[in-house]
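[1] Have a look at this fold, sequence not included:
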């Protein structure tokens, strides 16, 4: 029998060693996120094309660090930056490998939207690259059941020799119920004075939709199905900004307790 999924902690959920980090109170959105929302959809020529994804490793910033909009070739793009004082890229690398085995860990990340998480395949403890995370969460008011297949950065054209101490979390995002993928994302975390910054990039819908290997579903069948799996770009931007800022507020403490012992 499948375990019941629900938001938040219920009696007993906090009896884990990490339960004390569950905090349902979340900070306000950063000002740069609010400005991006006020701006609304942006012109496609101001946004990062998927074929230029590797430039996330370049110094400086893209023309659109915070924003969303439709792309000329179909689909949409979302970009958002998270400033993280006191955080290091290594902490995020650890987190992505640690949180996926327990729903009670996953809920720490976004207490108002994350319902459940488990690994869809086996792998070494603490690893995430090459594994698929099966999650249930809200994006805005829409409930999503997703499969996140974590990939080597090279799969998205990133030169891993350039990473150094940076971390690039790369993945193919799709449905956990159907053999359909609907997009790609990168969370690039680099050190800055006083901490780190995460620069998240999503490409969703349109040409980023695909049938998984081994499926017999035709493209003409997949497209209408996938359209119902896509989040609203604005909701995705808000969700990403909320969860990354919330976790960054206690990541140094939980990392010190569970990764460095």
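    Thanks, I have it. Please read all numbers here as calculations on a predicted model, not as lab measurements.
[2] Just name the shakiest helix or strand of the protein by mean pLDDT.
    Every helix and strand of the chain was ranked by mean pLDDT, DSSP states H and E. The lowest is helix 219-227, at a mean of 73.
[3] Which helix or strand lies directly C-terminal to that one?
    Next helix or strand after helix 219-227 toward the C-terminus (DSSP states H and E): helix 233-248.
[4] Show me which positions of that following helix end up buried.
    Burial within helix 233-248, assessed by neighbour count using 16 or more other CB atoms under 10 Å, is assigned to 233, 235-248. For glycine as for every other residue, the C-beta is placed from the backbone atoms N, C-alpha and C.
[5] Can you name the next helix or strand after it?
    Using DSSP H and E, the first helix or strand after helix 233-248 is helix 251-258.
[6] For that following helix, give the mean pLDDT please.
    The average pLDDT within helix 251-258 is 97.
[7] Kindly report the same for stretch 43-52.
    96.
[8] chain center to it, what's the gap?
    19 Å (CA atoms, centre = their mean, to the nearest Å).
[9] List the buried residues of that stretch.
    Applying 16+ other CB under 10 Å to stretch 43-52 flags 47-48, 50 as buried.
[10] How about residues contacting that stretch?
    55-56, 62-64, 67, 69-72, 77, 79, 157, 184, 201, 203, 208 (CB atoms under 8 Å, 6 or more residues apart in numbering).
[11] residue boundaries of the helices in the stretch 1-150 of the chain?
    Using DSSP state H, counting those that start in this stretch, the helices of the stretch 1-150 of the chain run over 31-39, 89-98, 103-109.
[12] Export these as JSON lines, with columns for mean pLDDT, distance to residue 162 and mean neighbour count.
    Converted to JSON lines, those look like this (pLDDT from 0 to 100; distance: least, CB to CB, whole Å; neighbours: other CB atoms under 10 Å):
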{"stretch": "helix 31-39", "mean pLDDT": "98", "distance to residue 162": "26", "mean neighbour count": "14"}
{"stretch": "helix 89-98", "mean pLDDT": "97", "distance to residue 162": "13", "mean neighbour count": "20"}
{"stretch": "helix 103-109", "mean pLDDT": "97", "distance to residue 162": "28", "mean neighbour count": "21"}
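[13] Now tabulate those in JSON lines and tack on distance to residue 257.
    Formatted as JSON lines, the helices of the stretch 1-150 of the chain follow (distance: least, CB to CB, whole Å):
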{"stretch": "helix 31-39", "distance to residue 257": "29"}
{"stretch": "helix 89-98", "distance to residue 257": "11"}
{"stretch": "helix 103-109", "distance to residue 257": "12"}
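[14] Can you check which of these gets nearest to residue 194?
    helix 89-98 (13.7 Å; CB to CB).
[15] Kindly calculate the angle that that closest one makes with helix 233-248.
    Per axes from the mean of the first three to the mean of the last three CA atoms, to 10 degrees, the angle that helix 89-98 makes with helix 233-248 is 110 degrees.
[16] Would you confirm that residue 239 contacts residue 144?
    No: checked against CB atoms under 8 Å, the pair residue 239 and residue 144 is beyond contact range at 9.8 Å.
[17] residues shared between the contacts of the two?
    137-138, 231.
[18] CSV please, covering those residues and showing pLDDT.
    As requested, those are arranged in CSV below (pLDDT from 0 to 100):
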residue, pLDDT
137, 97
138, 97
231, 92
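[19] Which of these sits closest to residue 256?
    Among those, and counting by CB to CB, the member closest to residue 256 is residue 137, at 26.6 Å.
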